[in-house]
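Visitor: just the structure for this:
(chains A and B)
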Amino acid sequence: MSGVLVVLEQREGAWNRMSFEALAAGQQLAAKLGAELSAAIVGESVQSLPWETDVKPKAVYAVEHELLKTYTSDGFTSAIEQLIKKLDPAFVLFPHTYQVRDFAPALATRFQQVLISDVIAIHDGPVFVRQLLQGKLNADYKQTGPGPCFVSVQAGSFRAEASGAAPIAMEGFTLELDAARIRNKPGERFRESAQTVDLSSAPIIVSVGRGIGEQENIAIVQELASALGAELAASRPICDNGWLPMERQVGSSGQTVSPKLYLAVGISGAIQHLVGMKGSKTVIAINKDEHAPIFEVADYGVVGDLFEIVPELTKAIAAAKS
Amino acid sequence: MKIVVAIKQVPERDAQVRVAADGKWIDESDLSYTINEPDAYALEEALQLKEKNGAGEVIVVCAGPERVQSTLREALAKGADRAIHIEADNLGDLDTVGVARLLANAVKAESPDLILTGLQSDDLGLGQTGVVLAELLGIPHATLIMHVEATPAGLKVKRELEDGWFQYVEMPLPALLTIQSGGNKLRYATLMGIKKARTKELKTVAAEAPAHAAAVTLERVYLPEKQKKTEILTGTPAEVAAKIVEKLKFEARVI
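Guide: Have a look, this model is predicted:
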């Protein structure tokens, strides 16, 4: 058992960009271990996919089958299980995508192993760092079982160097899949309604979180956003409660933003939110908990009661603008 | 339809957590606990399915020390019919497969049509107990589910995908689903519900000895290193507001 295998993700011939971040993590791990790096891509006809990263693994396997055209947990688990049995890698890395979350834990179970999920750093050992308690703490995990060690890599944690599209030679991998053993029947992907708010291009965003307490209180944050000429955004719980529409959600299940200013009001900063706003140029956070993880990524922080600070800030901005 | 909901008890979200003296977990001495929020959505989905079908049973199951019984009682007060407590004081020594095995043993005896759980826990956040449980039981699963509908052939579920996309997936029963938040509105326990819960069955079963050594171990927990040097602005609300306006003008240059 040796080597690092990174399983990349594509859909209908388009890369999931997180694949290259996982590949960068795989490269880093392989370098630490002095091991070989290989990659695999799963789908129907993936051999022609152009390579868009500077990282060049020793081998790239095209795991192809007509039953892998559309993602199913049964199909992907069985296909990758067959590949791992053949290659016998010591480590298998994935991007921490929704798709990976759906099948990788089952895949690991087939090898009597456990997926170390949403890893944000890899230290010597190897030690895999992930977050606990909504980002309040970090934790070091180690593989103690016989392996292979399964790891998924959180978005934005490893830098993927992009390069122009270039062809790459892939090795075919033949496998056996039985249609009768694929139990789920997935339908077409769809969106609820046309996305009318494009937060990704907004230069200023005021974002509100759980700290706001009640729906009626959102008005004070709306006033602040209006005074600043900003788009109003939110973390997941606000949209879950129906206090703001889902399309205003920033985070791994919402939009990814990179404004000049991100003003986070009453947002604690769980990793699912941070991955959506880490690219912001300046981050200002207002939160009553001085240990809130949002302060780890904020340039300026205010520890205090948002109900006292936000109205004052709205007034001060209006005065400064007039 | 017989539905089992696997729930977890976790520290309250607002809890001030401190690293325990051995640096391997948090200090649990004065923590207050609650139901893991994604699991509350799973329970809600189960209760609504039962109400929609007009028949069936909702059984909540939770592994952990004695204190988890308060969370099970709360689930009973909201409308679950029965509860199973898998008594285990050493959950921290188990990995996901170990925990899922405990649940699998308890669930197998019930042979439910459907198993629901939250998509991840607020404490460990590994997001895999449900998927592993399905694998151990040999039943199909789907994750991040917003809506569940019974069909003549089994289930039709709505899955959340990334970036605002969704998908319907059909599958046979028995099956396991992990529920995403936001698909439903959570209910509160009524006074009547709380009264009724006292008479409902809460069965305690002993956890079996772990069948395999943990494949991964949590070596150390610690406060995250700061990625940025945060300048904390202090003063009265008016002073803080004035300081922020300065930063908006001269640093962020958005005014």
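
Visitor: for the rest of this, base every contact and every neighbour count on C-alpha atoms.
Guide: Will do.

Visitor: in the helix or strand bottoming out on mean pLDDT in chain A, which residues are buried?
Guide: The helix or strand of chain A with the lowest confidence, counting by mean pLDDT, DSSP states H and E, is strand A:162-166 at a mean of 81. Of the residues in strand A:162-166, none count as buried by neighbour count, 16 or more other Cα atoms under 10 Å in any protein chain shown.

Visitor: could you point out which element follows it?
Guide: Sequence-wise, the next helix or strand downstream of strand A:162-166 (DSSP states H and E) is strand A:171-173.

Visitor: ok, residue B:207 - contacts?
Guide: Residue B:207 sits next to B:86-88, B:102 when contact means Cα atoms under 8 Å, 6 or more residues apart in numbering or on different chains.

Visitor: one more time with 10 Å
Guide: B:63-64, B:85-91, B:99, B:101-103, B:105-106 (Cα atoms under 10 Å, 6 or more residues apart in numbering or on different chains).

Visitor: sorry, back to before: helices or strands up against the least confident helix or strand of chain A?
Guide: In terms of contacts (3 or more Cα pairs under 10 Å, 6 or more residues apart in numbering or on different chains; DSSP states H and E), strand A:162-166 is packed against strand A:51-53.

Visitor: what lines up beside the strand it packs on in the sheet?
Guide: Taking DSSP bridges as the criterion, strand A:51-53 forms sheet pairs with strand A:162-166 (antiparallel).

Visitor: which residues does the strand it pairs with contact?
Guide: Residues from elsewhere that reach strand A:162-166 (Cα under 10 Å, 6+ apart): A:17, A:20-21, A:49-55.

Visitor: now do that strand: distance to the chain's middle.
Guide: Centroid separation for strand A:162-166 versus its chain: 22 Å, with Cα atoms, centre = their mean, to the nearest Å.

Visitor: of the contacts of residue B:207, which is the most crowded?
Guide: Looking at the contacts of residue B:207 with neighbours defined as other Cα atoms under 10 Å in any protein chain shown, the largest count falls to residue B:63 at 28 neighbours.

Visitor: how close does that one sit to residue A:277?
Guide: Counting by Cα to Cα, to the nearest Å, the separation of residue B:63 from residue A:277 is 36 Å.

Visitor: also residue B:117?
Guide: As for residue B:117, its distance to residue A:277 is 29 Å (criterion: Cα to Cα).

Visitor: so for the two, which sits in the more crowded spot?
Guide: Comparing residue B:117 with residue A:277 by other Cα under 10 Å, the one with more neighbours is residue B:117, at 31 against 24.

Visitor: hey, C-alpha coordinates of the least confident helix or strand of chain A in PDB?
Guide: Presented in PDB, the C-alpha positions along strand A:162-166 are these (Å, rounded to 0.1, in the frame of the first residue of the first chain):
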ATOM      1  CA  ALA A 162      -4.500  27.300 -12.500                       C
ATOM      2  CA  SER A 163      -3.000  26.900 -15.900                       C
ATOM      3  CA  GLY A 164      -4.300  27.000 -19.400                       C
ATOM      4  CA  ALA A 165      -6.300  24.100 -20.700                       C
ATOM      5  CA  ALA A 166      -3.900  21.400 -21.900                       C
END
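
Visitor: measure residue A:93 to residue B:127 for me?
Guide: Taking Cα to Cα as the criterion, residue A:93 is separated from residue B:127 by 16 Å.

Visitor: please apply the same query to residue A:11.
Guide: Computed with Cα to Cα, the distance linking residue A:11 and residue B:127 is 23 Å.

Visitor: these two: which has the busier surroundings?
Guide: When residue A:11 is set against residue B:127 and neighbours are counted by other Cα under 10 Å, the residue ahead is residue B:127, at 22 against 14.

Visitor: which SS class is that one?
Guide: For residue B:127, the reduced secondary structure class is coil; criterion used: DSSP: H, G, I helix; E, B strand; the rest coil.

Visitor: quick one: contacts for it?
Guide: A:101-102, A:105, A:115, A:117-118, B:96, B:118-121, B:143, B:178.

Visitor: ok, then the element right after the longest strand anywhere in chain B?
Guide: Taking DSSP state E as the assignment, the strand of chain B that covers the most residues is strand B:141-151. Helices and strands here follow DSSP H and E; after strand B:141-151, the next one along the chain is strand B:154-160.

Visitor: close to chain A, is that following strand?
Guide: Yes - shown here: strand B:154-160 in contact with chain A (Cα under 10 Å from any Cα of the partner chain) through B:155-160.

Visitor: could I get the full set of strands for the stretch 201-322 of chain A?
Guide: With DSSP state E, counting those that start in this stretch, the ranges of strands along the stretch 201-322 of chain A come out as A:204-208, A:231-234, A:261-265, A:282-287, A:300-303.

Visitor: out of those, flag the one nearest chain B.
Guide: The stretch from the strands of the stretch 201-322 of chain A with the least distance to chain B (Cα to the nearest Cα) is strand A:300-303; that distance is 4.6 Å.
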